[in-house]
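Undergrad: structure, please.
(2 chains)
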Amino acid sequence: MELMLASALGVVTAAGVYLLLQARTFSVVLGLSLLSYAANVFIFVMGRLAVGAPPVIDAATTRYSDPLPQALVLTAIVIGFGMTAFLVGLAVRAHHETGTDHVDGGETHGGDERVRQVSQ
Amino acid sequence: MNHLVVLPAVLPALTAAALLLLGRNRPAAARALSLAATAALLAVAAALLWQAAGGTQQVYVLGDWPAPFGIVLVADRLSTLLVALTSLVGFAALTYAVQGWDARGEHFHPLFQLQLMGLNGAFLTGDLFNLFVFFEVMLIASYCLLLHGLGAPRLRAAVHYVSINLAGSAVFLIAVSLLYSVTGTLNMAHLAERVSVLSAADLVLAHAAGLLLLGVFAVKGALFPLYFWLPGAYASASAPVAALFSIMTKVGVYAIVRVFTLVFGDGIETTADLVRPWILPAALATLGLAAIGALAAQRLSGLVSYLTVGSVGSMLIATALGSPAGLSAALYYLVHSTLAIAALFLLADVLARQRGAAADSLRPGPAIPQSTLLGIAFLVAAATVAGLPPFSGFIGKLMILQSAQGTSAVVWVWATVLGASFVSVLACARAGSLLMWTVSTQASAPRAAPARSAEWLPFVVLLACGTLLVAYAAPVQRYTAATAAQVVERDRYIAAVLGAARDRAPRPLPPGGRR
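TA: The predicted structure follows:
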């Protein structure tokens, strides 16, 4: 399970970083989402992997899973979700105002022919 | 327990909620409430500063959960100094904003209060994850404030600013959870204890987490090579927002000082010198490149943004020297540069309005109606930031240079600080002469209304504080030296946070446990 989680985290993070480095706001949003997913799973895993163990103190058991990372990851998910929603709104607004979805608000060199300029 | 400690975070939060309830139909009431709350915050911060001046480290245990398990707020000299500075700059920025800027968009006042809450909380908290949460509170408010007034340049800058900070937040989470996995705690005092007794294998992970944290704080504090977001964002923000943002880079500096003296401090053999070899060259490069950026700036607000980057570089150079004298110099410089840069951001806006279409671009424009008053104000503020005597910047730079004496880096520090100061003086002189003296005959701007007397209030407040920093330089220097000494004394901080909890016996679990 360790190998699976570690490699999955690595792949998701790498994909997130790759998308983050693209020049279109949509890719950047996706990249940041993937990066925050990877961070969230990473927090969860940092409480050690335990299967079928309760996070709440119980007289009958001696094995526990760590409840704190679970609480942390909830906080992180909520914050990350809010931020991603804000960034999506921002990207849409920037597209309306500048007429392009390039992260710099305009094509700097060469340019992509597929970019649709907003007609007057 | 002294409830005053929690007020700098709670008061703005409640005010923001009240302001939202007030709605947007009563702008006068919103202004009055926002101003009154910020004035009250200033009083609270002053009281806290007064209480901490004696050297006590007040620990506020939120929800009465004992220290390593619950979240604590710690009000020591460093925290209260920064809270007081935040309130002061916030108050000055707000008195400027109520002259008209706040009406150019929605929800300015609630966002402003939330930003103050995030800043104050980040300075006061003694818990690493809570620091992340307050960072996010501060950032989400700053995203919206940056967009205040809208327009394509602001949207463009905001996309960059939000993206880099979201990436930074993800790295922050990874670093915090990595540190938790090896130490099993998030309380900074407890972390400091645990990091010193880690096994060799865990220590490697703790080092990785520490360096990741340095990366995150370098993004927030705008340290080379992670400062490229700052000039665009600050230069396009509206003036009162940019003035408030002048304290926001200092959160990164504060976090670097706090975490890397407490958790990865010099007192611990295994983690000493973890980050210092990285910070000093990065800070020197930041200062040098910021001076070049200032010289190349096309607009006054861009110039001031680069001066902000340079001030972070100066502070971190002094911090990285590793001596209490260096830390003391950094703190003096922090107070001085925040006040002076906030004043310059506001001044740039007054100038821009009086120049009509030429705005604050550094090219010849129409004559300025109030050129004498504005010229003197600009001269004082620019000379303060550039570090010319007799202003506070001179004393700050002198302290940095003195603290570098006798260290191995003295040549680099002196060369960079003096060279960057010279280039900053050139940049400010060029900007001032272009804005004030070079009048273009073609540009016939509509005669702008002169600034009202109320608009001068924030400058008077900020520049008066700068003057006090010079007039009372010796007491202020003694205070920053005492603050630096307290920051370096890790054991007292740990004892203050954890000692109270250890005296108290843990409460026994109810029989049979919880079901």
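
Undergrad: what about residue B:274, how many neighbours?
TA: 19 (other CB atoms under 10 Å in any protein chain shown). To be clear about C-beta, it is placed using only N, CA and C from the backbone, and glycine gets the same treatment.

Undergrad: spell out which parts of chain A neighbour chain B.
TA: A:20, A:25, A:28, A:32, A:35-36, A:38-40, A:42-43, A:46-48, A:56-59, A:68-69, A:72, A:75-76, A:79-80, A:82-84, A:86-87, A:90-91, A:93-94, A:97-98, A:103-105 (CB under 8 Å from any CB of the partner chain).

Undergrad: do that again at 7 Å, thanks
TA: A:20, A:25, A:28, A:32, A:35-36, A:39, A:42-43, A:46, A:56-59, A:69, A:72, A:75-76, A:79, A:83, A:86-87, A:90-91, A:93-94, A:97-98, A:103-105 (CB under 7 Å from any CB of the partner chain).

Undergrad: from the residues you listed, list just the buried residues.
TA: Neighbour-count burial (16 or more other CB atoms under 10 Å in any protein chain shown) applied to the residues of chain A next to chain B gives A:20, A:25, A:28, A:32, A:35-36, A:39, A:42-43, A:46, A:69, A:72, A:75-76, A:79, A:83, A:86-87, A:90-91, A:94, A:97-98, A:103, A:105.

Undergrad: low-confidence ranges, chain B, go.
TA: B:1, B:266-270, B:272, B:441-450, B:500-515 (pLDDT under 70).

Undergrad: that one: strands as residue ranges?
TA: B:58-61, B:72-75 (DSSP state E).

Undergrad: turn the ones you listed into CSV, including distance to chain A.
TA: Shown next, in CSV, are the strands of chain B (distance: least, CB to the nearest CB, whole Å):
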stretch, distance to chain A
strand B:58-61, 18
strand B:72-75, 16
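
Undergrad: so of these, which one's packed in deepest?
TA: For the strands of chain B, the largest average neighbour count (mean count of other CB atoms under 10 Å in any protein chain shown) is found in strand B:72-75, namely a mean of 24.

Undergrad: out of the buried ones among the residues of chain A next to chain B, which sit inside strands?
TA: Reading strands off those, I find no matches (DSSP E).

Undergrad: in helices only, show me those.
TA: Secondary structure from DSSP state H places A:20, A:25, A:28, A:32, A:35-36, A:39, A:42-43, A:69, A:72, A:75-76, A:79, A:83, A:86-87, A:90-91, A:94, A:97-98 of those in helices.

Undergrad: name the spans of chain A whose pLDDT lies under the cut-off.
TA: A:107-120.

Undergrad: neighbours of the residue of the stretch 301-450 of chain B found nearest chain A, how many?
TA: Nearest residue of the stretch 301-450 of chain B to chain A (CB to the nearest CB) works out as residue B:302 at 16.4 Å. Look at residue B:302: counted by other CB under 10 Å, it has 23 neighbours.

Undergrad: kindly report the same for the one 5 residues further on.
TA: The burial count assigned to residue B:307 is 26, neighbours taken as other CB under 10 Å.

Undergrad: what's the answer for the one 3 residues further on, then?
TA: The criterion is other CB under 10 Å. On that basis, residue B:310 has 31 neighbouring residues.

Undergrad: that one reaches residue B:287, doesn't it?
TA: Yes. In this structure residue B:310 lies within contact range of residue B:287 using CB atoms under 7 Å: 5.4 Å.

Undergrad: mind listing the shared neighbours of these two?
TA: Overlap of the contact sets of residue B:310 and residue B:287 (by CB atoms under 7 Å, 6 or more residues apart in numbering or on different chains) consists of residue B:420.

Undergrad: with distance to residue B:392 added, can I get the strands of chain B in TSV?
TA: Below are the strands of chain B laid out as TSV (distance: least, CB to CB, whole Å):
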stretch	distance to residue B:392
strand B:58-61	29
strand B:72-75	25
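
Undergrad: these: which one's closest to residue B:15?
TA: Nearest of the strands of chain B to residue B:15, taken as CB to CB: strand B:72-75 at 18.6 Å.

Undergrad: who touches that closest one?
TA: Contacts of strand B:72-75 (CB under 7 Å, 6+ apart): B:5-6, B:48, B:52, B:57-62, B:124-127, B:187, B:497.

Undergrad: please report which of the residues you listed has the highest neighbour count.
TA: residue B:126 leads these on contacts (other CB under 10 Å) with 29 neighbours.

Undergrad: next, the contact list for it, please.
TA: Going by CB under 7 Å, 6+ apart, residue B:126 touches B:72, B:73, B:74, B:187, B:188, B:189, B:497.

Undergrad: so how far is residue B:89 from the second one?
TA: Spelled out, that is residue B:73. 21 Å (CB to CB, to the nearest Å).

Undergrad: what's the neighbour count on residue B:50?
TA: Neighbours around residue B:50, by other CB under 10 Å: 11.

Undergrad: then residue B:375?
TA: Residue B:375: 16 neighbours (other CB under 10 Å).

Undergrad: same deal with the one 5 residues further on?
TA: Other residues near residue B:380 number 18, with proximity taken as other CB under 10 Å.
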